[in-house]
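Participant: sequence? don't have it. structure:
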């Protein structure tokens, strides 16, 4: 057997891969098992008992995390007139109407989140082939198509994230950085799980929360016990 690296040996002493922890314990272990020399991103992966191929079992939404993500988000807003001005005053990095649509169509992509007013969606829709594959297309279901652009920009800057169940039935989401306190990571993780619980499709059968794993960029996956939340899934 090859000799384990010091970092890997350290991790294996800290995390029991066969055990399922509480959210608080998992977030504490993720911090302890960190061995990257940079501020690692911490993610959560939740496997749901749904079939995303069926429209009535698609789980998608957005939530403002209690402690943000630790990421600096560049926001682009498609709006005109007073709404363009409102977006800029709220902290949007870029805002404009047809001029901005043309700029993006020519290759401008220096942004992480896109918000649009409803009256701009006709023009923004033409950018579907550019924004769609990157998960940047504004959508009213997650609050990125709205006339309340000021609030939408503030939420995006303040830690609002979007999530969507993938083909394999898994939802991936960023919950912070390894420099966050254990409590902040745990509260962010809990917020995501609670949001998913509330969105349980009525057509989903069997166990809804199949597995929950928290991990940092270079660290191991730490399993969370879904049983803490199972009673809540049955009530939704």
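Facilitator: Structure received. What you see is a predicted model; the values in this text were computed from it and never measured. Numbers count the residues shown, from 1 in each chain.
Participant: for this protein, which spans come out with low pLDDT?
Facilitator: 1-12, 231-236 (pLDDT under 70).
Participant: Spatially central residue in it, please.
Facilitator: Of all residues in the chain, the one closest to the mean position by C-alpha atoms, centre = their mean is residue 173, 3.5 Å from it.
Participant: Tell me where this protein has strands.
Facilitator: 41-48, 60-64, 75-78, 94-96, 113-116, 160-164, 170-177, 209-216, 222-224 (DSSP state E).
Participant: How much space separates the closest residue to residue 139 other than its chain neighbours from residue 121?
Facilitator: Closest residue to residue 139 apart from its sequence neighbours, by C-beta to C-beta, 6 or more residues apart in numbering: residue 145 at 6.2 Å. From N, CA and C alone the C-beta is placed, and that goes for glycine too. To residue 121, residue 145 is 6 Å away according to C-beta to C-beta, to the nearest Å.
Participant: who touches both of the two?
Facilitator: residue 138 (C-beta atoms under 8 Å, 6 or more residues apart in numbering).
Participant: the more surrounded of these two?
Facilitator: Shown here are residue 145 and residue 121; by other C-beta atoms under 10 Å, residue 145 has more neighbours (20 against 16).
Participant: tell me the contacts of that one?
Facilitator: Counted by C-beta under 8 Å, 6+ apart, residue 145 has contacts 115-118, 121, 138-139.
Participant: That one bridge partners, please.
Facilitator: residue 116 (DSSP bridges).
Participant: burial of residue 53, as a residue count?
Facilitator: Neighbour number of residue 53 under other C-beta under 10 Å is 9.
Participant: ugh, wrong one, residue 47
Facilitator: Counted with other C-beta under 10 Å, residue 47 comes out at 18.
Participant: do the same with residue 122
Facilitator: Counted with other C-beta under 10 Å, residue 122 comes out at 9.
Participant: Tell me the spacing between it and residue 128.
Facilitator: 12 Å.
Participant: ditto for residue 59
Facilitator: 22 Å.
Participant: just the helices in the chain please.
Facilitator: For the chain, the helices defined by DSSP state H occupy 6-14, 23-32, 82-90, 98-105, 121-124, 128-131, 149-157, 182-198, 227-235.
Participant: now the ones you listed in JSON lines, with distance to residue 212?
Facilitator: Shown next, in JSON lines, are those (distance: least, C-beta to C-beta, whole Å):
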{"stretch": "helix 6-14", "distance to residue 212": "19"}
{"stretch": "helix 23-32", "distance to residue 212": "8"}
{"stretch": "helix 82-90", "distance to residue 212": "34"}
{"stretch": "helix 98-105", "distance to residue 212": "36"}
{"stretch": "helix 121-124", "distance to residue 212": "35"}
{"stretch": "helix 128-131", "distance to residue 212": "30"}
{"stretch": "helix 149-157", "distance to residue 212": "25"}
{"stretch": "helix 182-198", "distance to residue 212": "7"}
{"stretch": "helix 227-235", "distance to residue 212": "8"}
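Participant: can you tell me how far residue 32 sits from residue 120?
Facilitator: From residue 32 to residue 120 the distance is 47 Å (C-beta to C-beta).
Participant: Same question for residue 176.
Facilitator: Per C-beta to C-beta, residue 176 is found 32 Å from residue 120.
Participant: okay, the two: which has more neighbours?
Facilitator: More crowded of residue 176 and residue 120, by other C-beta under 10 Å: residue 176, with 29 against 23.
Participant: Surely that one and residue 42 touch.
Facilitator: Yes - if you go by C-beta atoms under 8 Å, residue 176 and residue 42 touch, sitting 5.0 Å apart.
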